[in-house]
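Novice: One predicted model, sequence on top.
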Amino acid sequence: MIRRRLTIPLVAALLATSGCSLFNSGSTAAPPPLERTTLRVGVGNAIDTAPLRIAVGAGKFGPAGLKVQLVELGAGDGLAKLASGDLDVTFASDIAMFRAAAGGQPLQLQGEAYTSGPNTMALVTLPGSDYTVPTAKKAPEIAVNMLDDIGALAARSVLGTAGVDVAKIKFKQVPFDQMPQSLQAGDADAALMAEPYITRAEKDLGAHILADGARGATLDFPLSGYAAAKPFAEANPRTLAAFRTALGAAQQSATDPAIVRDSLPKFSDIDTTTAALISLGSYPASLNGIRLQRVADLMHNSGQLTNRLDVQSLLPDQNSY
């Protein structure tokens with residue numbers, strides 16, 4: 001009887017310490033596979049998309065089980081290519097994405113790309129200009145690369161904060177690379193430029209920064225990101241979750257600006273000297289609905305969106321995979 005009393009507690013202890021290994025091998029089920037292993041991703045602005053480009057070139061998406069095929073957008077519309085099924089994920093400005101979403105295009109955000117920093121976008125004038133302070137002209141003519149994107153939004157914000165009547169600002173659509181000629185010809189009083197065009201104008205023409213475009217309402221302003229068509233996202237939740245994780249790691253690595261500066265000449269027309277001089281913003285490593293809501297709200301307040309857009313509704317459902 002004494003031996004039997006000792007045996008029963010011993011068996012119980014063994015079962016407890018072994019995690020019931022007598023009845024369970026201890027093996028865990030393998031995670032379900034990705035729905036697909038290749039993603040076609042549209043890319044644009046070299047500075048904004050630098051972390052993604054660097055990571056793809058270094059094979060950083062391989063461990064996540066993904067092969068990312070970068071598709072240069074050029075002057076193409078990545079959001080239109082999403083709708084047609086020619087891309088799985090695309091880079092775009094936040095303003096373009098939110099305008100499309102407000103217009104009914106079903107989108108799911110997959111990551112933030114780039115956030116403004118000091119002088120990453122700015123109102124620029126040339127030497128000899130009589131436009132020396134933002135309030136010097138009551139109805140300034142401002143060159144912007146697009147009439148309904150961040151350039152016009154930032155110009156209105158900066159000039160309005162300075163005291164200019166934003167209703168009197170006249171905008172002219174001019175490609176970034178033609179803005180210096182437009183200023184030289186007197187076709188515009190100032191140009192809302194972005195890097196690397198600001199640095200090039202400073203180097204080549206002695207241009208001046210009239211006002212930093214990334215301050216006030218546009219301080220640390222989200223500029224661009226990545227999105228997928230919502231039907232595609234709902235059909236491939238694990239694939240896109242893997243993409244977001246790898247993208248976040250790529251964005252995190254870009255906290256060292258030297259990595260971006262050293263890489264830009266390898267996949268863009270930005271030369272080494274310009275890359276060393278440009279002002280850089282930051283690369284968010286994760287989606288933040290509160291941060292992105294600033295963009296949608298500024299668009300709404302400025303009349304670019306008729307109704308307020310709830311950005312949170314565009315974020316992935318973390319419980320869907």
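Specialist: Perfect, I can see it now. Just so it is clear, the model here is predicted, and its values are computed rather than measured.

Novice: use CA for all of it now, contacts and neighbours both
Specialist: OK.

Novice: and the residue nearest the centre of the chain, what does it touch?
Specialist: For the chain, the residue nearest the mean C-alpha position is Ala113 (2.2 Å; Cα atoms, centre = their mean). Ala113 is in contact with Asp48, Thr49, Phe91, Leu223, Ser224, Gly225, Tyr226, Gln251, Tyr283, Pro284, counting by Cα atoms under 8 Å, 6 or more residues apart in numbering.

Novice: Wait, a strand at it?
Specialist: Yes. If the criterion is DSSP: H, G, I helix; E, B strand; the rest coil, then Ala113 is within a strand.

Novice: Name the nearest residue to it, ignoring sequence neighbours.
Specialist: Spatial nearest neighbour of Ala113, chain neighbours left out: Gly225 (4.3 Å); criterion: Cα to Cα, 6 or more residues apart in numbering.

Novice: Lowest mean pLDDT among the helices and strands, pick that one out for this structure.
Specialist: Here the helix or strand of the chain ranked lowest by mean pLDDT, DSSP states H and E is helix 2-17, holding a mean of 41.

Novice: Show me what counts as buried in the following helix or strand past that one.
Specialist: Later in the chain than helix 2-17, the nearest helix or strand by DSSP states H and E is strand 38-43. Across strand 38-43, burial judged by 16 or more other Cα atoms under 10 Å covers Leu39, Arg40, Val41, Gly42, Val43.

Novice: for strand 38-43, packing partners?
Specialist: Under the contact definition 3 or more Cα pairs under 8 Å, 6 or more residues apart in numbering; DSSP states H and E, strand 38-43 sits against strand 67-72, strand 89-93.

Novice: So for stretch 256-276, what gets flagged as buried?
Specialist: Val260, Arg261, Ser263, Leu264, Pro265, Ile270, Thr274, Ala275, Ala276.

Novice: tell me the mean pLDDT over that stretch?
Specialist: For stretch 256-276, mean pLDDT rounds to 96.

Novice: Equivalent analysis for stretch 126-141, please.
Specialist: In this model, stretch 126-141 carries a mean pLDDT of 96.

Novice: again, but for stretch 70-89
Specialist: 95.

Novice: With just CA atoms, put that stretch into PDB.
Specialist: Extracted in PDB, the C-alpha atoms of stretch 70-89 (Å, rounded to 0.1, in the frame of the first residue of the first chain):
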ATOM      1  CA  LEU A  70       8.600  46.200 -58.300                       C
ATOM      2  CA  VAL A  71       6.700  47.900 -61.200                       C
ATOM      3  CA  GLU A  72       7.900  51.400 -62.000                       C
ATOM      4  CA  LEU A  73       4.800  53.700 -62.200                       C
ATOM      5  CA  GLY A  74       6.500  56.600 -64.000                       C
ATOM      6  CA  ALA A  75       3.600  58.900 -64.900                       C
ATOM      7  CA  GLY A  76       1.100  56.000 -64.600                       C
ATOM      8  CA  ASP A  77      -1.700  55.900 -62.100                       C
ATOM      9  CA  GLY A  78      -1.000  53.100 -59.600                       C
ATOM     10  CA  LEU A  79      -4.500  53.300 -58.200                       C
ATOM     11  CA  ALA A  80      -6.000  52.800 -61.600                       C
ATOM     12  CA  LYS A  81      -3.700  49.800 -62.100                       C
ATOM     13  CA  LEU A  82      -5.000  48.300 -58.800                       C
ATOM     14  CA  ALA A  83      -8.600  48.700 -60.100                       C
ATOM     15  CA  SER A  84      -7.700  46.900 -63.300                       C
ATOM     16  CA  GLY A  85      -5.800  44.100 -61.600                       C
ATOM     17  CA  ASP A  86      -2.500  45.000 -63.100                       C
ATOM     18  CA  LEU A  87      -1.000  45.600 -59.600                       C
ATOM     19  CA  ASP A  88      -1.500  43.900 -56.300                       C
ATOM     20  CA  VAL A  89      -0.200  46.800 -54.200                       C
END
